[in-house]
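Student: need coordinates for the following:
(one chain, ligands or ions: 3)
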Amino acid sequence: MSTTPTASGPSVRSTVHGYPRIGPRRELKRAIESYWKGATTARELDDVAAGLRRDAYTRLREAGVDDIPSNTFSYYDHVLDTAVMFDLVPSRLPSPARAEERDERLRRYFALARGVQGAPPLEMTKWFDTNYHYLVPELSPSTRPRLVDDKPVAEFREALDAGFRTRPVLLGPLTFLLSAKVADDAPEGWEPIELLDQLLDAYVRLLADLAAAGATEVQLDEPILATDEGRAAVGYLERSYKRLGEAEERPSLLVSTYFGSIGPAALRVLKESRVEAVGLDLVTDGEGFEDLAAVSGLGSTRLVAGVVDGRNVWRTDLSSAIGRLGTLLALTDELSVSTSCSLLHVPIDLDAETSLAPELREALAFAVQKAGEVALLGRILSEGEAVDTGASTPRNPAFTDARVRARLDALGPDAYERPEDRGGPDRVTLATTTIGSFPQTSELRRSRAAHRRGELSTEEYHRILRAEIDRVIALQEDIGLDVLVHGEPERNDMVQYFAERLEGYATTENGWVQSYGTRCVRPPILFGDVSRPEPMTVEWITYAQSRTEKPVKGMLTGPVTMLAWSFVRTDQPLAETARQVGLALRDEVADLERAGIRHIQVDEAALRELLPLREERREEYLDWAVASFRLATSGVAPSTTIHTHMCYSEFNRIVGGIEALDADVTSVEAARSRMELVEALGRRGYKRGIGPGVYDIHSPRVPSVEEIEASLRLAVSHVEAANLWVNPDCGLKTRGYAEAEQALRNMVEAARRVRTDLAEA
Ligand SMILES: CN1c2c(nc(N)[nH]c2=O)NC[C@@H]1CNc1ccc(C(=O)N[C@@H](CCC(=O)N[C@@H](CCC(=O)N[C@@H](CCC(=O)O)C(=O)O)C(=O)O)C(=O)O)cc1
Ligand SMILES: N[C@@H](CCS)C(=O)O
Ligand SMILES: [Zn+2]
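Tutor: Ligands and ions are numbered 1, 2, ... in the order given. Next comes the predicted model:
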């Protein structure tokens with residue numbers, strides 16, 4: 001079908017909300033890590049960063065995008081940048097803005113993200129329901145917002161000098177304050193939102209500086225409006241944009257919302273405020289159109305319509321997008337075509353992939369291609385450019401597998417149930433274990449890369465992996481841990497490794513996406529029905545078990561996490577796809593059990609992350625999340641111990657979901673949240689095992705025996721010691737051996753002390 005809108009169409013512009021920072025070959029990661037090692041100077045790092053920014057603007061212009069954003073670059077995280085810019089840093093670490101020298105400023109900036117001896121970094125947590133992590137500002141009445149840094153202005157000027165009049169992007173005041181935490185020195189009941197008026201003063205100053213530098217439009221990101229919390233803060237929203245709208249010297253304002261619809265109340269406030277443009281996510285939950293209809297359109301406020309999915313990798317169905325944009329033209333006088341959110345969450349360029357199957361490749365678009373899509377849509381609508389939308393409509397590759405579907409259809413309710421009373425092996429009080437991965441050394445990563453390039457034979461690579469397993473087993477025996485792991489040396493990533501071995505999944509060579517700081521992942525693409533052609537982990541786990549008399553825990557990644565950290569097909573409900581992954585994992589669990597493995601851990605690290613942002617959708621989510629986990633794990637004998645693991649705190653919202661998983665042992669992050677979940681489970685009379693993480697693996701700091709002992713004593717005050725497991729709060733893959741070993745020795749000693757005291761009591 002060919003669509004040719006009228007040649008004298010309305011003026012429709014194109015834009016994107018943001019662009020990846022890491023560079024097409026992770027240049028930023030390499031430059032920062034080299035700077036951290038002292039191998040390069042601050043000047044050299046700044047030069048790499050400036051080059052990456054310029055390349056990003058150039059790519060967007062070449063793609064045909066009309067309005068190009070700036071200040072979407074960051075050395076670590078944009079929330080941290082915002083806190084630094086407004087001087088909102090905790091007193092335990094010096095403010096970067098107050099340093100004279102560039103090198104010292106950078107050193108202080110990275111210290112906030114990574115900590116220094118004696119001063120822990122800011123806490124890190126998930127950015128809404130994505131796999132990106134931000135650094136959580138710590139606010140109190142003693143933190144006073146003031147504009148002390150000019151990053152957005154400097155980057156605007158830098159772009160202008162290179163020939164790009166960009167639209168600086170700022171994190172909005174509401175999202176910033178509602179994403180912060182209350183610092184320890186704040187009085188009881190105080191909330192960060194109390195800083196709103198002072199913060200708005202600082203924003204007003206920043207807007208004036210940007211206007212003076214020549215910025216004609218500024219974007220303020222308010223994704224918090226897609227959450228219940230943000231929707232409830234509509235009074236603060238009104239106050240914020242009244243104040244910013246009334247600022248005397250300011251560019252035009254675009255308030256951008258994403259990760260879901262914002263509801264008619266917030267939309268009405270924005271429409272009635274003086275902001276010139278509003279960005280809406282018209283992809284994620286489909287309710288954006290209803291919101292627009294409920295407020296009778298935006299009138300003279302420009303609508304920045306997020307119709308190109310900014311966080312998945314499927315090509316946009318242009319024909320349908322044109323239809324939807326046509327409807328929108330009736331609801332607003334001015335329209336821009338955009339992505340649903342920043343392109344931070346997708347890989348940069350599909351052209352960097354050389355081995356994707358052609359029929360899959362045809363259905364994909366990464367950041368560069370998505371920029372091309374918004375530009376094309378803008379031209380079609382405003383200039384009447386003709387396009388063969390038939391050729392650009394993604395064809396569903398239709399990778400269906402009748403066998404998978406038949407197997408799922410044949411399952412009865414007993415496939416999801418384990419007996420209530422299952423005994424299990426003799427339990428050790430305060431049994432010690434780890435979460436799975438041991439340090440991924442650079443030798444290991446180099447060997448894997450050499451093997452991938454064909455420079456190291458499979459035989460030799462496997463010999464290296466077995467040697468690593470020998471080392472990890474011997475170390476754990478020496479430390480005295482009770483349930484051992486093989487250390488996951490064969491895995492590039494806990495999701496990608498499995499995706500490489502499952503039918504229905506494709507993986508990329510260069511499809512890197514930032515996860516936190518310099519750490520990146522290559523989310524695989526789940527495009528078709530999923531099945532497991534052959535065992536994926538049995539060889540490694542049974543090898544490890546053959547090297548010790550102690551039990552070795554088999555290690556798998558659960559269905560929800562496999563989905564959360566992949567780009568997933570959209571032609572069927574997530575629930576159905578999760579069941580397929582659950583069934584494939586069930587086969588692996590059965591093979592591990594058959595091979596004599598008595599402890600099997602199915603990680604659901606992302607169970608909390610995929611929790612819908614709005615309460616009304618959570619029950620349905622937890623139903624399918626729990627069902628897919630239970631499908632994976634319920635086929636085992638009563639005596640086999642099923643473990644699961646979840647990282648990151650704030651589990652109180654899903655405590656019911658944790659119970660429903662019905663795992664024998666659940667390990668969770670708890671070190672930073674002072675055992676709150678353990679307390680909650682204790683109150684509910686939770687009967688299964690719980691392993692609250694007793695120290696934070698995200699920091700290189702080695703916890704003392706006394707510190708861990710104190711956490712354990714707190715935990716035993718809430719739940720029965722026989723149900724308590726002792727473990728770190730996540731895998732050790734990002735740590736070095738020296739610190740990992742010492743921390744585990746301290747952990748085992750702390751458990752021994754508490755166990756002895758309990759036995760004597
Ligand atoms: C638990 N976490 C995870 C999340 N998401 C995932 N998909 N996986 C996770 O584990 N989300 C929440 C958290 C986030 N945490 C992390 C932690 C650590 C990383 C990380 O370390 N990423 C690595 C890349 C990992 C990887 O894919 N490694 C590959 C390729 C390694 C590589 O770069 N090789 C080089 C050559 C090697 C050399 O010469 O040294 C190359 O190919 O050029 C592998 O090991 O084979 C990172 O470096 O960023 C991410 C998220
Ligand atoms: N088993 C994985 C879980 C990380 S969330 C690991 O230990 O790295
Ligand atoms: Zn974890």
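Student: next, count neighbours for the residue of the stretch 551-700 of the chain found nearest ligand 1.
Tutor: Relative to ligand 1, the nearest point of the stretch 551-700 of the chain is residue 565 (4.0 Å; C-beta to the nearest ligand atom). (Glycine included, C-beta is placed from N, CA and C.) Counted by other C-beta atoms under 10 Å, the residues lying close to residue 565 total 25.
Student: equivalent analysis for residue 478, please.
Tutor: Neighbour count for residue 478, taken as other C-beta under 10 Å: 11.
Student: quick check, pLDDT for it.
Tutor: For residue 478, the pLDDT comes out at 98.
Student: contacts only, for the residue of the stretch 301-450 of the chain found nearest ligand 2.
Tutor: Residue nearest to ligand 2 within the stretch 301-450 of the chain (C-beta to the nearest ligand atom): residue 436, separated by 2.8 Å. Contacts were defined as C-beta atoms under 8 Å, 6 or more residues apart in numbering; by that measure residue 436 touches 485, 487-488, 494, 553, 555, 601, 603, 645, 731.
Student: does the closest residue to it other than its chain neighbours sit in a helix or strand, and which one?
Tutor: Leaving aside its chain neighbours, residue 436 sits nearest to residue 555 (4.4 Å; criterion: C-beta to C-beta, 6 or more residues apart in numbering). If you go by DSSP states H and E, residue 555 is part of strand 553-557.
Student: now stretch 411-420: buried residues?
Tutor: Within stretch 411-420, the residues that count as buried by 16 or more other C-beta atoms under 10 Å are 415-416, 418.
Student: and the closest residue to residue 330 other than its chain neighbours, how many neighbours?
Tutor: The shortest distance from residue 330 to any non-neighbouring residue, by C-beta to C-beta, 6+ apart, is to residue 297 (7.3 Å). Residues lying near residue 297 (other C-beta under 10 Å) number 16.
Student: which parts of this protein sit against ligand 3?
Tutor: Residues of the chain lying near ligand 3 by C-beta under 5 Å from the ion: 605, 647, 730.
Student: quick one, what contacts the first one?
Tutor: Meaning residue 605. Listed by C-beta under 8 Å, 6+ apart, the contact set of residue 605 reads 494, 557, 561, 645-647, 730.
Student: so which of the residues you listed also contact ligand 2?
Tutor: Applying C-beta under 6 Å from any ligand atom to the contacts of residue 605, one finds that 494, 645, 647, 730 fall near ligand 2.
Student: can you give me the distance of the residue in the stretch 101-250 of the chain positioned nearest to ligand 1 to ligand 3?
Tutor: Nearest to ligand 1, among the residues of the stretch 101-250 of the chain, is residue 131, at 4.9 Å (C-beta to the nearest ligand atom). Residue 131 sits 12 Å away from ligand 3, going by C-beta to the ion, to the nearest Å.
Student: residues from this structure in reach of ligand 1?
Tutor: So the chain meets ligand 1 at 131, 440, 442, 445-446, 448-449, 492-495, 515, 519-522, 565, 605, 647, 734 (C-beta under 6 Å from any ligand atom).
Student: among these, which are in helices?
Tutor: Residues of the residues of the chain next to ligand 1 located in helices (DSSP state H): 442, 445-446, 448-449.
Student: now, among the residues you listed, which is nearest to ligand 3?
Tutor: residue 445 (19.4 Å; C-beta to the ion).
Student: show me what the mean pLDDT comes to for stretch 368-377.
Tutor: 98.
Student: who's in contact with it?
Tutor: If you take C-beta under 8 Å, 6+ apart as the criterion, stretch 368-377 is touched by 12, 14-16, 19, 59-60, 63-66, 307-310, 315-316, 318, 321-322, 325, 337-339, 343, 346, 348-351, 365, 385, 387.
Student: of those, which belong to strands?
Tutor: 12, 14, 307-308, 337-339, 387 (DSSP state E).
Student: which of these tops the neighbour count?
Tutor: Busiest of the ones in strands among the contacts of stretch 368-377 [other C-beta under 10 Å] is residue 339, holding 33 neighbours.
Student: who's that one bridged to?
Tutor: Beta bridges link residue 339 to residue 308 when assigned by DSSP bridges.
Student: where does it land on pLDDT?
Tutor: 98.
Student: residue 110 too?
Tutor: 97.
Student: secondary structure element for the residue of the stretch 601-750 of the chain found nearest ligand 2?
Tutor: In the stretch 601-750 of the chain, the residue found nearest to ligand 2 is residue 731; the distance is 2.1 Å by C-beta to the nearest ligand atom. Using DSSP H and E, residue 731 is not contained in any helix or strand.
Student: do the same with residue 170
Tutor: Judged by DSSP H and E, residue 170 forms part of strand 167-171.
Student: ok, then the element right after that strand?
Tutor: Under the assignment DSSP H and E, the closest C-terminal helix or strand after strand 167-171 is helix 173-178.
Student: got the contact list for residue 62?
Tutor: Neighbours of residue 62 in contact, by C-beta under 8 Å, 6+ apart: none.
Student: can you map out the strands along the stretch 151-300 of the chain?
Tutor: 167-171, 181-182, 217-221, 252-256, 277-281 (DSSP state E, counting those that start in this stretch).
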